[in-house]
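> kindly return the folded structure for what I paste below:
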Amino acid sequence: MKIAFLLTQSLDSPSGLGRFGPLARELARLGHSIEIFALHPDWEHLPRRSFEEQGVRVSYVAPMHVRKHGSTKQYYSPARLLAVTARAAFSLAQALSRSQAEVVQVCKPQPMNALAARLARRGRPVFVDCDDYEAATNRFQGAWQKQVVKYFEDGAAHYAAGITTNTCFTRDRYQALGYPASRLVYVPNGVERQRFSQPSDPDDLRRRWGLEPDDPLVVYAGTLGLASHPVDLLLQAFVEVLARLPRARLLLAGGGEDFENLQKMAAELGLGEAVIFAGRVHPDEVPGYLRMATVTVDPVHDDLVARARSPLKVVESLACGVPVVTANVGDRRSMLAGGEAGVLVKPGDSHALAEGLLQVLEDPAARQRMAQAALEQREYWYWDRLVEQFMQVYELGLSPDGTKRIHS
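Below you'll find the predicted structure:
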């Protein structure tokens, strides 16, 4: 089968690393012809815009709707954003119209790729994958922007031949919108076996950041953007951790629009050198950062953002055999095997988060049990297994002779 992916991000974004890149490569490994048409957040500094990687043809066709360079993230003005998104939609539609793909896969339905798919589908079946609740997750400069995103996101229920979701919340939301349950497939985020099987030297990374081998280390590996990731809650919690464990350290691996704001907050809280802002790290180094951690953390509030997210940081940590502290929101309880592979705390509560971290940091025996539980379930998170689960959506959305089950 020939499949064209329409992606509004780059392949080194969290969604690209935890979902769409691995999925595309596994589909290619199974013999399918895969091409990705994507947008890039650092268009001006992009060294190559078209290439083939592990059997997947990748083409970056236009700038993304936000700019990222280094560890920072910047948003366009409303007028500039309109021009950028119009260019992105046109470029994606143009690329799709030239493609010989038999199936169109919309990745994260947003105005740009959803519009491009509907304009250039040429009678081909369109499938939609939702890995967030975009209308709740994005930072909007006006209510009209949120309504536009919601229109295109909810609109998938009216034209998609099949929908995949990475959370039960999103699956249930589309079903409530009237989409038939028979063509809804749940597929969580996962990790690539090869990338997470590569040897790494956590001690080398610890030396790089001036950490002693026995320093208790909490690692947060993710976006530093407070609209969707309450890292401020983590910094407040770490004040309590540090009061009880003065040698403890917190390392934040990632970038985002609040990178500098969080640095200022850490200074104002008096955390000083106990907090390390590592910035964005190369994807190949992520497993090493996680393996050097004593515990990793996923701070969340109980809101639509958290309920609709399958946190990659949790999946990656479990694949490395490192316990996770997070809150009992969305699918997180099942991800941690009911709490066997980590600690679930009250959401949005910095004191509860601190106590959860201390529970792992201060109890080596419990920590070892959690690590073993994580390792025992990591086969579930590999994409070479999850791809079979994903393929069900194509089987459900297409009839035996390859024609669409629903109208064009």
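> next, the buried residues of stretch 187-195.
187-193, 195 (16 or more other Cβ atoms under 10 Å). All C-beta atoms are positioned from the backbone trio N, CA, C, and that covers glycine.
> show me those that map onto strands.
The members of these all map outside strands under DSSP state E.
> want to throw those residues into CSV with pLDDT and distance to Gly342?
Formatted as CSV, the buried residues of stretch 187-195 follow (pLDDT from 0 to 100; distance: Cβ to Cβ, whole Å):
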residue, pLDDT, distance to Gly342
Val187, 96, 22
Pro188, 95, 16
Asn189, 94, 16
Gly190, 95, 17
Val191, 94, 16
Glu192, 94, 22
Arg193, 93, 22
Arg195, 89, 22
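> just give me the closest of those residues to Tyr75.
Asn189 (25.1 Å; Cβ to Cβ).
> look up how far Phe20 lies from that closest one.
Remark: distance between Asn189 and Phe20 (Cβ to Cβ, to the nearest Å) = 10 Å.
> over to Ala86?
23 Å.
> compare those two and say which is more crowded by neighbours.
Phe20 (22 against 14; other Cβ atoms under 10 Å).
> hey, where'd the helices end up in the stretch 101-250 of the chain?
111-120, 134-137, 143-154, 156-159, 168-176, 193-197, 202-208, 231-244 (DSSP state H, counting those that start in this stretch).
> pLDDT below threshold where in the stretch 51-200 of the chain?
138-141 (pLDDT under 70).
> what's the closest of the buried residues of stretch 187-195 to Phe169?
For those, the nearest to Phe169 is Pro188 (11.9 Å; Cβ to Cβ).
> wait, that closest one sits on Ser310?
Yes: under the criterion of Cβ atoms under 8 Å, Pro188 makes contact with Ser310 at 4.9 Å.
> any common contacting residues for the two?
Common contact partners of Pro188 and Ser310 (Cβ atoms under 8 Å, 6 or more residues apart in numbering): 166-167, 331, 335.
> buried ones among the residues you listed?
166-167, 331, 335.
> for those residues, give me JSON lines that also has distance to Phe127.
Below are these laid out as JSON lines (distance: Cβ to Cβ, whole Å):
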{"residue": "Asn166", "distance to Phe127": "14"}
{"residue": "Thr167", "distance to Phe127": "17"}
{"residue": "Asp331", "distance to Phe127": "22"}
{"residue": "Met335", "distance to Phe127": "25"}
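> nearest residue to Ala306 in space, ignoring adjacent ones along the chain?
In space, Ala306 comes closest to Val300 once its chain neighbours are excluded; the distance is 4.0 Å by Cβ to Cβ, 6 or more residues apart in numbering.
> mind listing what that neighbour touches?
Counting by Cβ under 8 Å, 6+ apart, Val300 has contacts 230, 306, 311, 326-327, 329, 332, 347-348.
> could you identify the most distant pair in the residues you listed?
Pro311 and Gly348 (15.5 Å).
> so for the two, which residue has more residues nearby?
Pro311 (26 against 17).
> what's the burial count for Gly339?
13.
> distance of it from Gln359?
Gly339 is 11 Å from Gln359, by Cβ to Cβ.
> before we move on, what about Arg208?
28 Å.
> between those two, which is the more surrounded one?
Gln359 (18 against 11).
> quick one, what contacts that one?
Contacts of Gln359 by Cβ under 8 Å, 6+ apart are 325, 343, 366.
> nearest residue to the second one in space, please, no chain neighbours.
What it means is Val343. Nearest to Val343 is Gly356, by Cβ to Cβ, 6+ apart, at 4.3 Å.
> help me confirm that the one you found is found in a helix?
Yes: the assignment for Gly356 (DSSP: H, G, I helix; E, B strand; the rest coil) places it in a helix.
> domain ranges for this protein?
Domain segmentation of the chain under automatic domain parsing yields 2-190+382-397, 193-381.
> is it true that the residue nearest to Val343 touches Asp349?
No: counting by Cβ under 8 Å, Gly356 stays clear of Asp349, with 9.6 Å between them.
> more neighbours, those two?
Just comparing Gly356 and Asp349: by other Cβ under 10 Å the higher neighbour count belongs to Gly356, 24 against 18.
> contacting residues for the more buried one?
By Cβ under 8 Å, 6+ apart, the neighbours of Gly356 are 325, 343-345.
> kindly report the same for Arg193.
382-384.
> most neighbours among the residues you listed, which one is it?
Busiest of the contacts of Arg193 [other Cβ under 10 Å] is Trp383, holding 27 neighbours.
> wait, isn't that residue in contact with Leu23?
Yes: taking Cβ under 8 Å as the definition, Trp383 is a contact partner of Leu23 at 6.5 Å.
> with pLDDT, secondary structure and distance to Glu52 added, can I get the contacts of Val300 in CSV?
Output for the contacts of Val300, formatted as CSV (pLDDT from 0 to 100; DSSP: H, G, I helix; E, B strand; the rest coil; distance: Cβ to Cβ, whole Å):
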residue, pLDDT, secondary structure, distance to Glu52
Pro230, 96, coil, 39
Ala306, 94, helix, 37
Pro311, 94, coil, 31
Thr326, 98, strand, 37
Ala327, 97, strand, 41
Val329, 97, coil, 39
Arg332, 97, helix, 37
Pro347, 97, coil, 43
Gly348, 97, coil, 45
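> now, which of those residues sits nearest Ala156?
So of the contacts of Val300, ranked by how close each gets to Ala156 (Cβ to Cβ), first place is Ala306, at 21.5 Å.
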